[in-house]
Structures are given as C-alpha cells and as structure tokens.
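Enquirer: could you work out the structure for the sequence below:
(one chain, ligands or ions: 1)
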Amino acid sequence: MSDSQSNPGARAMDLIRKGIAAAEPGGAVSRAMAGVLSDPPAAGGRWQVIALGKAARAMAEAAQAALPAGTDVLVVTNAGNDTPLAGARVMRAGHPEPDDEGAAAAAEVIARLTATGPDDRVLALISGGGSAMLPAPAEGMTLADKQAVNKLLLGSGGDINEVNLIRQGLSRLKGGGWLRTSKAPITALILSDVPGDDLRVIASGPTVAPIGSRADAAALARRLGIWDRMPQIARDVLEQPRDAAALPAVKNLLIGSNALSVQAMVDAGAVAAPFGLEGDVQDCAERIWALAADLKPGQALALGGETTVRLTGDGMGGRNQELALRLALLADTRPVPWPWAFASVGTDGRDGPGDAAGGLVGPGTIAAIKAAGIDPDEALRRNDSTPTLKAGDALVMTGATGTNVADLAVLIRA
Ligand SMILES: O=C(O)C(=O)CO
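Expert: Below is the predicted model:
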C-alpha cells in the first residue's frame, strides 16, 4: 500500500513542507548577492542593511555572510522569528496588529535611513508581514489611529492589494517611504507573499511607488464600507494629496514567490490545480471541492495564494483554518466514496492571530467536531475555526518557519 493510500493527510503535509522549504529565504538571498555587490558603496561609504518582515532574520543572515564584517544590520520581524543574530540588531514588532514595538522599529528605520549619505548603499530585504510591523503614522495620526484602521481593514473583506493601498495612504514609510527617507541609493531583495507578485503590494512596498493615490485609497475605503468608521484624522489625511516629488531610482529584485513553492509541490508529484487560493474563502472551498469527484487514485492537487475572509464574529481563527473547515463541511454534505485529505497552511507557520499554521481535514473531521459538542456551522458564523478544528484534531501546528510566501494547500485522494 502506498503512503498516500495509507495516510493521505501525511502525504498532503509532506507536499506542503516541500513547498515551504522551496521558499527558504537564505538561499534566495545568497543567490542574489553577486548582483547586489556589483554596485558597492563609493569610497568612504558603507553598507546599511535593513530587513523587514517574517523572513527578515533569515534574509539578513544570508546577506551578512556576503558583506564586509561589521556591516550595520537591522532586522525587524515578528515574535517567533526574532531570535538573536550576531552582529545585527533584531527588533520585534507586532503582527498582525501594529504595536509599540513596531512603532519603535519604525523610528529606528527612519533614523538609520536618515543617517545615510550618498556614498553609502542601503540593502533592503523585504518580506511579507512587513506592513503591520512598521507603523509610521502619517502627519497628525497616532499609533492608536493606525491600529483602529488596521482592525477595520483586516475585517473589511478587502484583498491585500486593497488593504495595502489604504495603508500606504496613511504611512510615512509604505509606498516608497524608504526611498524618500534615505540619502543613499537602495537595492531591495523582495520575497513575495502576494498573488501576482506586485512589488508595490509586498509589505506595502517600502521601496516602490505606491499602488495608487490617497484619493484612490479614500474612494476604496468608502467602497469597502469602512470610511465612516475610520478615525477622523485618517479621513483627513486621505483627503490631502501626497508629496508629489518623483521618487529616486531604486533596484527592486524579486527573489522568491508563492508560484515557486507551488512548482516545488508539483515537482514532488502533485498536479497544479486550475486556479489558486483566491477570492472569498467559501467560494474557494466550493471550487476546490468541486474538483474532488474527478481526482484519480493517489492524485494530489496543489494550490497557492491567499483567500479573503469577511469577519462576522470575533472568534479565533485564520483564513487557512477557515478554508479547511468550510471544505470539510462541504465534503460532509457532498461526500466522495474514497478516503481524502485537504490541508491549507500559511507558509509562515501562523494563520491569523493564534499559533496554528492551518488546518488538515478529512472524511472524519466533521463527525469528530460534532462528537465534541461543537456545531461547526455556528462556529463558522463566529469565525471560530481554531477551537473547532482543535476539537476535530485537525489543526496544523508548525511554529514560525522563517519564511512567508502566502498560503499553500493540497487536496489529495488516497
Ligand atoms: O503587507 C504585508 O505585510 C503582507 O503581508 C503582504 O506582503
């Protein structure tokens, strides 16, 4: 009996682990360093390395190995990825809620960029999660205002392009803010966690021109239905045009992405699904389960991307867990006559505010949840997927992975 027949869940997780391994950021940075070093600081100048996001520490460590000893390195990352790195200052910053530590990190980034001169070179190492981790509120706004807007955005149903358009309008560092602050030329190595790999969107594009104008952001906030609940000062900021000065030249290089991780799962024997993890989480669950009937024995479908969840309650969960639970419910009402498994996991090892990385469900999951006395439909109305999957022994716990290229999922027939 093959592994997938005896344990499709184990095979699904094995494929996902291969996808995560392909996004290991250190190797990607090391490969890109020759290009970075071809434009060194001028005589008397120095390198200044600033790494931001969930993969920041691993990216910084790889860059450090290629740069002169004693190079200044700042790492801004979230709890779990913030282990010390010799020769670097590692600053922990809140995620997904911006916090005081993130505000202190933003002040440090501003100080380091401001202190550069034209003979220096800045190496920016950017990865997902960086938006929440670097709150630098625009003129007149406080951290509390940013926190209030962030909360509205995360529950708005807006996708990451939309969320980050609004974040950029309210920030001094997002949407090219590092370019406006630095006096030295910047090269950025960017690890993408967003569908389509738009560099303006990843970590809200600190080294890239913004996605749109503040007027675009205001119009979008109205469309998403959050405008009236935003703090007055945030609305005032979005009603003023941004500084129109042209941004300095920059080298922005994409070094890793979700698509490469899906390809690694395909190389390991899966078949790429005809669409990605995208759009509303329930719609996505339906589209995925509609493919189950045509799966061949042993076949695994690989998907990558990021769905959106519209919050209707204040439970504990995340988009991967919610996708897994919704798919398990669909499978319960429209069963297929063979064993199967579905896993959906955040490649960073954290799905939403809790510690779970995602969900791994199969034919017995809903029965196990109900046997534990939980009504899964009611739990979903409260977006309470974490305790619900836990009751069905269907949570995936990986711990922080040191990388972040959005989400990966596998549907497999035994
Ligand atoms: O904006 C962010 O921080 C994201 O996670 C997307 O890159």
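Enquirer: residues from the stretch 51-200 of the chain in reach of the ligand?
Expert: Applying C-beta under 6 Å from any ligand atom, one finds that the stretch 51-200 of the chain approaches the ligand through 128-132, 160, 164, 193-194. C-betas here are computed from N, CA, C, even on glycine.
Enquirer: so which of those belong to helices?
Expert: Counting by DSSP state H, these place 130-132, 160, 164 in helices.
Enquirer: what's the farthest-apart pair in the residues of the stretch 51-200 of the chain next to the ligand?
Expert: Of all pairs drawn from those, the widest gap by C-beta to C-beta lies between 132 and 194 and measures 14.1 Å.
Enquirer: give me the helices and strands touching the host helix or strand of residue 326, please.
Expert: Following DSSP states H and E, one finds residue 326 within helix 319-333. When contacts are defined as 3 or more C-beta pairs under 8 Å, 6 or more residues apart in numbering; DSSP states H and E, helix 319-333 sits against helix 281-290, strand 340-346, strand 358-361, helix 365-371, helix 376-381, helix 385-391, strand 407-413.
Enquirer: coming back round to it: what would the residues of the stretch 51-200 of the chain next to the ligand look like in JSON lines with pLDDT and neighbour count?
Expert: Output for these, formatted as JSON lines (pLDDT from 0 to 100; neighbours: other C-beta atoms under 10 Å):
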{"residue": "128", "pLDDT": "93", "neighbour count": "29"}
{"residue": "129", "pLDDT": "94", "neighbour count": "25"}
{"residue": "130", "pLDDT": "97", "neighbour count": "31"}
{"residue": "131", "pLDDT": "97", "neighbour count": "29"}
{"residue": "132", "pLDDT": "97", "neighbour count": "24"}
{"residue": "160", "pLDDT": "90", "neighbour count": "22"}
{"residue": "164", "pLDDT": "97", "neighbour count": "27"}
{"residue": "193", "pLDDT": "88", "neighbour count": "30"}
{"residue": "194", "pLDDT": "88", "neighbour count": "22"}
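Enquirer: returning to that earlier point: just name the most buried of the helices and strands packed on helix 319-333.
Expert: Of those, the one with the most neighbours on average (mean count of other C-beta atoms under 10 Å) is strand 358-361, at a mean of 30.
Enquirer: and that one, what other elements does it pack with?
Expert: helix 8-22, helix 319-333, strand 340-346, helix 385-391, strand 395-396.
Enquirer: who's in contact with the shortest one?
Expert: Read that as strand 395-396. Residues from elsewhere that reach strand 395-396 (C-beta atoms under 8 Å, 6 or more residues apart in numbering): 13, 320-321, 343, 345, 356-360, 386, 389.
Enquirer: and with 10 Å instead?
Expert: 9, 12-13, 16, 320-321, 324, 343-346, 349, 351, 354-360, 385-389 (C-beta atoms under 10 Å, 6 or more residues apart in numbering).
Enquirer: among the helices and strands packed on helix 319-333, which is nearest the ligand?
Expert: Closest of the helices and strands packed on helix 319-333 to the ligand is strand 340-346, at 10.3 Å (criterion: C-beta to the nearest ligand atom).
Enquirer: report the angle between the closest one and helix 8-22.
Expert: Relative orientation of strand 340-346 versus helix 8-22 (axes from the mean of the first three to the mean of the last three C-alpha atoms, to 10 degrees): 30 degrees.
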